[in-house]
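K.L.:
no FASTA, just this:
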């Protein structure tokens, strides 16, 4: 309290009278226990103290704390006095509650920031995808200029939201409710987390902008080639129509087909369709991998040069230890250590495979930032598992395996993308449509309804589905974070159909049609371009489909608009039915922002685990300097065993750090290190010493029930389980869990 300038003396903090505030309590025993009698003076003094406390409580003014809170304070104070432990402890339920309130509020602000940036990135990527198309009417003519403009724009947006987070934090600590003063010491850590979040999002957004800009730049030339092909084809079909009409005779279907085929064959032969160059993705991935490991020394360069990256990632990854020393064998046993490292590898491979899956779902072009993100994730995961003990050879072999597997899949994605965008394939794919349009124009058939249906089905519908997949993920996450209706899978599946799939969402299209009708358009082509321009911030319309739609089109503009409005209404209903019939797993796989990943990353926190029992860190934010957990487990769950017997250890960290026992660790090799000085090895972990603490009934129940299974999994001998632990029922275990996490 010394830093609080308004408190000048002891009585400013606490009511105190030297006449009534001093009490002496004599010892409990009158002599030496256990045979000594109880001291009568002890009981009398305690009775007088209780009576005096009740009298003072009755005469003093009202307090912010009720009697239950006062009781909790007294319990916490007594515990601290008993164990000479006055450091921050989550055994104090009021402090724990205040901290959890702060975490909850910060998580809300953090998600608002993330959601806003998800929305911004979606709009920026849409703008880049529409760059240089008929929908784009911006003054920017160069992709590099647009890329730079968006980078400057997002920096302003990021600064605005970082400031907003810090202001929210300041306001939170100015309030008088919720015991916020109890967690004042953690204020700076949450401020650091806000700044760290801004840096993390900035890096991610810059990567996404770079990928979108580079991919669009590569597609611009290709789109121009296809546009030229389509325009020339339109001119030749127009010339064929004039030639056929000169005959002034009714031509049969077969004759029209024959004339069109002759023209088509001649056109295709006269064009030299250059085959699109297929890049070697392995070469690019290998370069990214070498860049990532460039600071690791000459030995790493030697490891990378032994074999080509293509030779890796074809079989399941298997960790091969480099000959563990005797001290390591005593800590884990050689086989146990191998299994522990293998489990870490499998976990990292699973996460990275999911990242590749998400990129593959987009069916886009390959970009080097995809591999950079994967390598960053591997580095973070290895950093969080330093205590297991891995060497550079393991890191290199794991990265080679993951990168090779990713390169193999990205190579297929790259080739599929080129195949899909190949000018020759795109031209031939539309041959039947061009033939049908040729016949309609030749016979002056009213194309209004047909063209409205075509534009809706081939241009708008895929764009709307893509818009839903790009936008729905953040909305699902927001609902899941705030609403109880997402507590079960059934209600979650139902709720997926809400939000963007509501009736009003398709009004962004109908409004665009109505606005286009009010503008002066010379022909149907310019009318459709105006519609696309009105949707430029939301929809990415396929230029292949739009180009094919634009030619051989004699539809009446006003009639086309009327039919288009009806087609959009039908499309909305069709898409709703499609989404209803699609299973939840398919829905989630299609989303650009994966709700499970975002929620998992939020819930997992920093990802650090207690070095002894593997309980996860519960500290809020991401930039905290100390890790802690409110509920340590028996150390057997962290693979620890007694070195002399190899039996799993049932003690918990809080009691061991208050004991005279020692532990073996990688950092000290074969030298035992006292638990009391654990912070010399793990300085960023805070484990309050408390010899009175035992494992909760929940973990006692788990370890007693699965003792043999844990021993087999960790290559140790089963723990010596006390008989009392074996008597704990499942109901008692559940009750213990509720008590531990303060759930009423």
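P.N.:
Now that the structure is in, tell me what you want to look at. Bear in mind that the values here come from a model prediction, so they are computed numbers and not experimental data.

K.L.:
from now on I want contacts and neighbour counts done on CA atoms only, so please keep to that.
P.N.:
Fine.

K.L.:
against residue 427, how distant is residue 381?
P.N.:
Using C-alpha to C-alpha, to the nearest Å, residue 381 is found at 47 Å from residue 427.

K.L.:
again, but for residue 251
P.N.:
Note on residue 251: its distance to residue 427, by C-alpha to C-alpha, is 26 Å.

K.L.:
once you drop chain neighbours, what's closest to residue 140?
P.N.:
residue 146 (6.3 Å; C-alpha to C-alpha, 6 or more residues apart in numbering).

K.L.:
a helix runs through the one you found, doesn't it?
P.N.:
Yes - when DSSP: H, G, I helix; E, B strand; the rest coil is applied, residue 146 is found to be in a helix.

K.L.:
mind giving me the packing neighbours of the helix or strand hosting residue 589?
P.N.:
Under the criterion of DSSP states H and E, residue 589 resides in helix 584-590. If contacts are counted by 3 or more C-alpha pairs under 8 Å, 6 or more residues apart in numbering; DSSP states H and E, helix 584-590 sits against helix 334-361.

K.L.:
rerun that using 10 Å as the cut-off
P.N.:
helix 334-361, helix 461-482, helix 489-495, helix 557-581, helix 595-604 (3 or more C-alpha pairs under 10 Å, 6 or more residues apart in numbering; DSSP states H and E).

K.L.:
just say helix, strand or coil for residue 17.
P.N.:
coil.

K.L.:
and for the one 4 residues further on?
P.N.:
Under the three-state scheme (three-state DSSP), residue 21 adopts coil.

K.L.:
what of the one 5 residues further on?
P.N.:
The three-state label given to residue 26 by three-state DSSP is coil.

K.L.:
next, the contact list for it, please.
P.N.:
The neighbours of residue 26, taking C-alpha atoms under 10 Å, 6 or more residues apart in numbering as the test, are 39, 40, 41, 42, 43, 44, 45, 46.

K.L.:
7 Å instead, please
P.N.:
The contact partners of residue 26, by C-alpha atoms under 7 Å, 6 or more residues apart in numbering, come to 41, 42.

K.L.:
any idea how far it lies from residue 38?
P.N.:
Distance from residue 26 to residue 38, by C-alpha to C-alpha: 11 Å.

K.L.:
same deal with residue 246?
P.N.:
126 Å.

K.L.:
who's more crowded, the two?
P.N.:
Each of residue 246 and residue 38 has its neighbours counted (other C-alpha atoms under 10 Å); residue 38 has more, 15 against 9.

K.L.:
the more buried one is in contact with residue 28, isn't it?
P.N.:
Yes - between residue 38 and residue 28 there is a contact at 5.9 Å, judged by C-alpha atoms under 7 Å.

K.L.:
quick check: phi and psi at residue 647.
P.N.:
phi -90, psi 140 (degrees, to the nearest 10).

K.L.:
burial measure for it, as a count.
P.N.:
18.

K.L.:
ok, now residue 432?
P.N.:
10.

K.L.:
host element of residue 614?
P.N.:
Residue 614 belongs to no helix or strand, assigned by DSSP H and E.

K.L.:
what sits against residue 726?
P.N.:
Residues near residue 726 by C-alpha under 7 Å, 6+ apart: 701, 704.

K.L.:
how far away is it from residue 699?
P.N.:
Residue 726 is 11 Å from residue 699, by C-alpha to C-alpha.

K.L.:
next one: residue 203
P.N.:
Distance, residue 203 to residue 699, by C-alpha to C-alpha: 41 Å.

K.L.:
which of the two has more neighbours?
P.N.:
The neighbour comparison of residue 203 against residue 699 (other C-alpha under 10 Å) goes to residue 699, with 21 against 11.

K.L.:
hmm, residue 613 is touching residue 637, no?
P.N.:
Yes - applying C-alpha under 7 Å, one finds residue 613 in contact with residue 637, separated by 5.6 Å.

K.L.:
for residue 175, which residues are in contact?
P.N.:
Neighbours of residue 175 in contact, by C-alpha under 7 Å, 6+ apart: none.

K.L.:
give me that answer again for 10 Å
P.N.:
Counted by C-alpha under 10 Å, 6+ apart, residue 175 has contacts residue 181.

K.L.:
closest to the centroid, which residue in the protein?
P.N.:
residue 598 (3.1 Å; C-alpha atoms, centre = their mean).

K.L.:
contact partners for that one?
P.N.:
Contacts of residue 598 by C-alpha under 10 Å, 6+ apart are 111, 114, 473, 474, 477, 604.

K.L.:
residue 49 now?
P.N.:
20, 21, 22, 23, 24, 25, 43, 55.

K.L.:
and residue 251 and residue 427? Which one has more around it.
P.N.:
Taking other C-alpha under 10 Å, residue 251 and residue 427 do not tie; residue 427 has more neighbours (17 against 14).

K.L.:
related to what we said a few turns ago, among the helices and strands packed on helix 584-590, which is the most enclosed?
P.N.:
Of all the helices and strands packed on helix 584-590, helix 461-482 has the most neighbours on average by mean count of other C-alpha atoms under 10 Å, namely a mean of 19.

K.L.:
just checking, residue 633 touches residue 639?
P.N.:
No - applying C-alpha atoms under 10 Å, one finds residue 633 not in contact with residue 639, separated by 11.4 Å.

K.L.:
joint contacts of those two?
P.N.:
Here residue 633 and residue 639 have 612, 613, 614 as joint contacts, going by C-alpha under 10 Å, 6+ apart.

K.L.:
that older thread, looking at the contacts of residue 49, state which has the most neighbours.
P.N.:
Result: residue 43 is most packed of the contacts of residue 49 (other C-alpha under 10 Å), 15 neighbours.

K.L.:
from residue 589, how far off is residue 582?
P.N.:
Relative to residue 589, and taking C-alpha to C-alpha, residue 582 is found at 11 Å.

K.L.:
that should have said residue 620, apologies.
P.N.:
Distance from residue 620 to residue 589, by C-alpha to C-alpha: 29 Å.

K.L.:
repeat for residue 100
P.N.:
Applying C-alpha to C-alpha to residue 100 and residue 589 gives a distance of 32 Å.
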